[in-house]
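Asker: Next one to model:
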Amino acid sequence: MNLVSSNQTILLGHKKEFMSLVNLYSNNNFPNKILFSGEKGIGKSTLAYHLVNYILSLDEDNPYNLDKLEINIDNKSFKLTQNKSNPNFTLIDVTEDKKYINIEQIRNLILSLNKSSFNTKPRFILIDNIELLNTNSVNALLKIVEEPNDNIFFILINNNKKVLSTLKSRCLNFKFFLPHHQSIEIINTIINDDLNNFINKEFITNYSTPGNLLDIINYANQNDIDLKKIGLKEFITHSINDKKYKKDKSIKELIYSLIEVYFRNNTSINNMKFMYLHNYFLNKINNTKIFNLDDEILFMEFEDKVLNG
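Answerer: Model (predicted):
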């Protein structure tokens, strides 16, 4: 069970934000640059795919169903996007072999945008995980974002990390948040079950997102882990020690997010050393991603100083 944003044909949550953007487009006030910020797994990318499909399918057969907030799987633009062959949609994200978005990806994007369009429809550039743009990539991106073609639209996705003010100030900003009960309702709809029936309450916190919870469930199913009998600390220890994160980027990202959840769950600990470790590891996670440092060293140090400390 995978929560791949491009495959989610029904929009769960964020109806208010979605309809605001639909109205902007309908009234010819749609901005060329939009920034979506919020916790990873909260549904930002899913909303972006729905927005793009709504606009591109307006003059096509089987258009977007605005009443049900649903993509029609028989729609031409949806099929092209699924096949990664839609001339009006480009996705820029971290590749499997990298920890950041490199300059070559942005250069290739610039070359693509300089070519003539195949049609008169809008062209959308979705850049996910923009916090992982390195300095050279940001500078190159700024040049094309500052003065885009009238028919080119940028949607930038940020996972509640620091974004350069020079980039943020050029965008219409949307901050995404899901109330705790709504996150649980969404994940229950996706899994068609009650989360409380099979998962320890330590995992279901105010910081849990549908995407994060589904990643936990998938990992547990693949490794025969009973989530009712294991706690967050034991789960992180297991995921670090089995070292599957070395070959599976999604597991690595899951460990990163659970380290943050672990610290947040224990914020009531009035201990200067614990608070120091909190800041220390969050900074180290950020630097590990940006500077392509060794994940294993970070995880082993976290296990030694925090989980076993």
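
Asker: Three-state assignment for F153, please.
Answerer: strand (DSSP: H, G, I helix; E, B strand; the rest coil).

Asker: thought it was touching N32?
Answerer: Yes - counting by CB atoms under 8 Å, F153 does reach N32; the two are 5.6 Å apart. For glycine as for every other residue, the C-beta is placed from the backbone atoms N, C-alpha and C.

Asker: In terms of neighbours, single out the busier of these two.
Answerer: F153 (22 against 19; other CB atoms under 10 Å).

Asker: Quick check: bridge partners of the more buried one?
Answerer: F124 (DSSP bridges).

Asker: what sits against it?
Answerer: By CB atoms under 8 Å, 6 or more residues apart in numbering, F153 lies in contact with F30, P31, N32, K33, I34, P122, R123, F124, I125.

Asker: And S5, by the same measure?
Answerer: By CB under 8 Å, 6+ apart, the neighbours of S5 are S45, T46, A48, Y49.

Asker: Look up the closest residue to it, ignoring the ones flanking it.
Answerer: Of all residues not flanking S5 in the chain, S45 sits nearest, at 3.7 Å (CB to CB, 6 or more residues apart in numbering).

Asker: what helix or strand does that neighbour sit in?
Answerer: helix 44-56 (DSSP states H and E).

Asker: Can you give the contact residues for the helix or strand just after that helix?
Answerer: Scanning forward in sequence from helix 44-56 by DSSP H and E, the next helix or strand is helix 76-82. The contact list for helix 76-82 (CB under 8 Å, 6+ apart) reads 6-7, 9, 49, 52-53, 56-57, 60-62, 71-73, 86-89.

Asker: same thing with stretch 261-275?
Answerer: So stretch 261-275 is contacted by 202-203, 205, 207-208, 212, 232-233, 236, 277-278, 281-282, 306 (CB under 8 Å, 6+ apart).

Asker: most neighbours, which of those residues?
Answerer: N212 (25 neighbours).

Asker: what sits against it?
Answerer: Counted by CB under 8 Å, 6+ apart, N212 has contacts E39, K40, G41, L254, S257, V261.

Asker: want to try TSV for the contacts of stretch 261-275, with distance to I110, pLDDT and secondary structure as columns?
Answerer: Converted to TSV, those look like this (distance: CB to CB, whole Å; pLDDT from 0 to 100; DSSP: H, G, I helix; E, B strand; the rest coil):
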residue	distance to I110	pLDDT	secondary structure
E202	46	88	helix
F203	42	89	helix
T205	42	78	coil
Y207	37	69	coil
S208	38	81	coil
N212	34	90	helix
L232	43	93	helix
K233	46	94	helix
I236	41	96	helix
L277	42	92	helix
H278	40	91	helix
F281	36	94	helix
L282	33	88	helix
V306	43	93	helix
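
Asker: ok, those vs V22, which is closest?
Answerer: Minimum separation from V22 among the contacts of stretch 261-275 (CB to CB) is found for N212, which lies at 27.4 Å.

Asker: gap between the spatially most central residue of the chain and V261?
Answerer: With the centre of the chain defined as its mean C-alpha position, the nearest residue by CA atoms, centre = their mean is K40, 4.6 Å away. For K40, the distance to V261 equals 11 Å [CB to CB, to the nearest Å].

Asker: ranges for the strands of the chain?
Answerer: Ranges of strands in the chain, per DSSP state E, are 33-37, 89-92, 123-127, 152-158, 172-175.

Asker: Pull the number of nearby residues for the residue nearest to I240 when sequence neighbours are not counted.
Answerer: Spatially, and ignoring its direct neighbours in sequence, I240 is nearest to F299 (4.6 Å; CB to CB, 6+ apart). Counted with other CB under 10 Å, residues neighbouring F299 total 24.

Asker: And the one 10 residues further on, by the same measure?
Answerer: When neighbours are counted by other CB under 10 Å, G309 registers 10.

Asker: Quick one: residues contacting it.
Answerer: L277.

Asker: and the residue nearest to S5, how many residues sit next to it?
Answerer: S45: 24 neighbours (other CB under 10 Å).

Asker: just checking, it touches I130?
Answerer: No - assessed by CB under 8 Å, S45 is found out of contact with I130, at 11.7 Å.

Asker: Spit out the residues that contact the two alike.
Answerer: Common neighbours of S45 and I130 (CB under 8 Å, 6+ apart) are I157.

Asker: what comes up buried for stretch 253-264?
Answerer: Neighbour counts over stretch 253-264 (16 or more other CB atoms under 10 Å) mark E253, L254, I255, Y256, S257, L258, I259, E260, V261, Y262, F263 as buried.
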